[in-house]
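In: here is the input, now give the coordinates:
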Amino acid sequence: MDIFEKASRLKLRFTVIGRGNLSAEDLWDLTERQLDSIYASLAEYAQKQDVKRLMDANRMDDGVSLRMSLIEHVFNVKKAEREARAAKASMREEFNRLLDIKAKKKDAALEGLSDTELDTKLAEIRETLENS
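Out: The predicted model follows:
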């Protein structure tokens, strides 16, 4: 069974200081730092629940492990999305830099034209503009 389906069937809630009880879908509204903090609290609780004997295995809180899995999943998705946005922004920046370089090269090529070549190009453009 999917962890989100299981969480919704169990009506799991996460107690977050300053935000109250949150449901599984509310986790998406938290920052990575907040998710990490909640995960650390749950891990500490799970460690305290350490089962020492086989007879105690049934008493362990299964909800803690499910909560930790949910938080880990949301954290990893949010992290991957953040990294994808950063990569896209970096590519957009490189694309714009390449466009600037290309424009500068074109300008340099035009600056290298003689006066006669410039006059010819200007006349061609003027004629095209007047005829359209």
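In: from now on I want contacts and neighbour counts done on CA atoms only, so please keep to that.
Out: OK.
In: tell me where this structure has strands.
Out: Along the chain, counting by DSSP state E, strands occupy 14-16, 20-22.
In: for the last one, the averaged confidence score.
Out: Looking at strand 20-22 alone, the average pLDDT works out to 91.
In: partners of that strand in the sheet?
Out: Applying DSSP bridges to the sheet, strand 20-22 is found paired with strand 14-16 (antiparallel).
In: for the strand it pairs with, buried residues please.
Out: Using 16 or more other Cα atoms under 10 Å as the test for burial, strand 14-16 gives F14.
In: show residues contacting that strand.
Out: 20-24, 38, 67 (Cα atoms under 8 Å, 6 or more residues apart in numbering).
In: hang on, the earlier thing: out of the strands of the chain, which comes closest to A43?
Out: Within those, the stretch nearest A43 is strand 14-16; the backing value is 13.6 Å (Cα to Cα).
In: that closest one: how far from the chain's middle?
Out: 23 Å (Cα atoms, centre = their mean, to the nearest Å).
In: average pLDDT across it?
Out: On average, strand 14-16 scores 86.
In: can you list the strands of the chain in CSV and add distance to N96?
Out: Below are these laid out as CSV (distance: least, Cα to Cα, whole Å):
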stretch, distance to N96
strand 14-16, 43
strand 20-22, 42
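In: which one (most neighbours) among the contacts of strand 14-16?
Out: Compared across the contacts of strand 14-16, R67 has the highest neighbour count, 21 neighbours, by other Cα atoms under 10 Å.
In: which residues touch it?
Out: 7, 12, 14, 42.
In: ok, the last one touching L70?
Out: If I follow you right, that is L42. No: shown here, L42 and L70 do not form a contact pair, counting by Cα atoms under 8 Å, at 11.5 Å.
In: longest helix in this protein, please.
Out: helix 62-111 (DSSP state H).
In: which residues sit against stretch 115-126?
Out: L110.
In: could the C-alpha coordinates of it be exported in CSV?
Out: The C-alpha trace of stretch 115-126 is given here as CSV (Å, rounded to 0.1, in the frame of the first residue of the first chain):
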residue,chain,number,x,y,z
ASP,A,115,31.9,52.6,-45.1
THR,A,116,30.9,51.4,-48.6
GLU,A,117,29.7,48.1,-47.2
LEU,A,118,27.7,49.9,-44.5
ASP,A,119,26.1,52.2,-47.0
THR,A,120,25.1,49.3,-49.2
LYS,A,121,23.5,47.4,-46.2
LEU,A,122,21.7,50.6,-45.0
ALA,A,123,20.3,51.2,-48.5
GLU,A,124,19.1,47.6,-48.7
ILE,A,125,17.4,47.8,-45.4
ARG,A,126,15.9,51.3,-46.2
